[in-house]
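Chemist: Pasting a predicted model and its sequence here:
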Amino acid sequence: MIVQNARSALEALAARDGVSLSALSQMLGRNPAYLQQYIRRGSPRTLAEGDRRRLADFFGVAETVLGGAEPSAEPRYRLPRLDLAASAGPGAYVDAEVASGVETLDPHLARRLRLAPGAGSILRVRGTSMEPALYDGDHIVIDRHDRQPARQPAIFVIRIGETLMVKRVSLEGGRLVIRSDHPDAPPVPDGEVGVIGRVVWQMRAWR
């Protein structure tokens, strides 16, 4: 039944887009009758994996529509919201209303970001001091295992006093240099700096 459904689906997709089976066969580098025989005679019984993938990409459908196996479900990366209270302060700070709970992240993205299990946290930014890099309301993912600023400035979540802040941080001459991106942002307050983690991903609603 699955094989027959795949044949019917391919025929329907070709009709939908007004493309001939002969042209599709040649796109695959096959003889012009290849897909006609697949649909009408059942030969080959199933499409080759590479052919199925190219056809799925061409029509913009999942490979399962054309007889591919269901992908195995991979557990999503659990991403806790940073469990730290944050008071109001100058610049972009973490909103206390997202100081608890759990989010999930696509595991492929987690690997791409090189997030070790348990290393990631999510925050919501408030304020304008990091515009245009970060806007008020952006959600950011931080790597809490990466707490070592270098000479090249990067965006980190830091704590100064009782305030969590999102700032661009670098190490110059053995000391931390902390800056805002927005030219009109108020000065960064004095105080002992604690580095919480580096910002590795930004999630923003379309504006």
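Modeler: Nice, thanks for sending it over.
Chemist: Next, find the distance separating Val199 from Leu113.
Modeler: 10 Å (C-beta to C-beta, to the nearest Å). C-betas here are computed from N, CA, C, even on glycine.
Chemist: Mind listing the shared neighbours of these two?
Modeler: The contact sets of Val199 and Leu113 overlap at Val141 (C-beta atoms under 8 Å, 6 or more residues apart in numbering).
Chemist: more neighbours, those two?
Modeler: A direct count of neighbours by other C-beta atoms under 10 Å for Val199 and Leu113 places Val199 higher, at 23 against 15.
Chemist: what about the host helix or strand of the more buried one, distance to the chain center?
Modeler: According to DSSP states H and E, Val199 maps onto strand 193-203. Mean-position distance between strand 193-203 and its chain equals 16 Å (C-alpha atoms, centre = their mean, to the nearest Å).
Chemist: so where's the protein uncertain?
Modeler: Along the chain, the model assigns pLDDT under 70 to residues 1-4, 71-74, 82-101, 205-207.
Chemist: Could you report the neighbour count for Asp181?
Modeler: Asp181 has 19 neighbours, counted by other C-beta under 10 Å.
Chemist: what does the one 4 residues further on give?
Modeler: A total of 18 residues lie near Ala185 under the criterion other C-beta under 10 Å.
Chemist: which helices and strands sit right next to the strand holding Val199?
Modeler: When contacts are defined as 3 or more C-beta pairs under 8 Å, 6 or more residues apart in numbering; DSSP states H and E, strand 193-203 packs onto strand 139-143, strand 154-160, strand 163-172, strand 175-179.
Chemist: between these, which gets nearest to Glu70?
Modeler: For Glu70, the closest of the helices and strands packed on strand 193-203 is strand 139-143, at 28.6 Å, according to C-beta to C-beta.
Chemist: pull the CA atoms of the lengthiest helix in the chain into PDB?
Modeler: In terms of residue count, the longest helix belonging to the chain (DSSP state H) is helix 2-17. Below are the C-alpha coordinates for helix 2-17, written out as PDB (Å, rounded to 0.1, in the frame of the first residue of the first chain):
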ATOM      1  CA  ILE A   2       2.800   2.400   0.900                       C
ATOM      2  CA  VAL A   3       4.500   1.700  -2.500                       C
ATOM      3  CA  GLN A   4       1.300   2.200  -4.400                       C
ATOM      4  CA  ASN A   5       0.600   5.400  -2.500                       C
ATOM      5  CA  ALA A   6       4.100   6.700  -3.400                       C
ATOM      6  CA  ARG A   7       3.400   6.100  -7.100                       C
ATOM      7  CA  SER A   8       0.100   7.800  -6.900                       C
ATOM      8  CA  ALA A   9       1.600  10.800  -5.000                       C
ATOM      9  CA  LEU A  10       4.300  11.200  -7.600                       C
ATOM     10  CA  GLU A  11       1.800  11.100 -10.500                       C
ATOM     11  CA  ALA A  12      -0.400  13.700  -8.700                       C
ATOM     12  CA  LEU A  13       2.600  16.000  -8.000                       C
ATOM     13  CA  ALA A  14       3.700  15.900 -11.600                       C
ATOM     14  CA  ALA A  15       0.200  16.800 -12.700                       C
ATOM     15  CA  ARG A  16      -0.100  19.500 -10.100                       C
ATOM     16  CA  ASP A  17       3.100  21.200 -11.300                       C
END
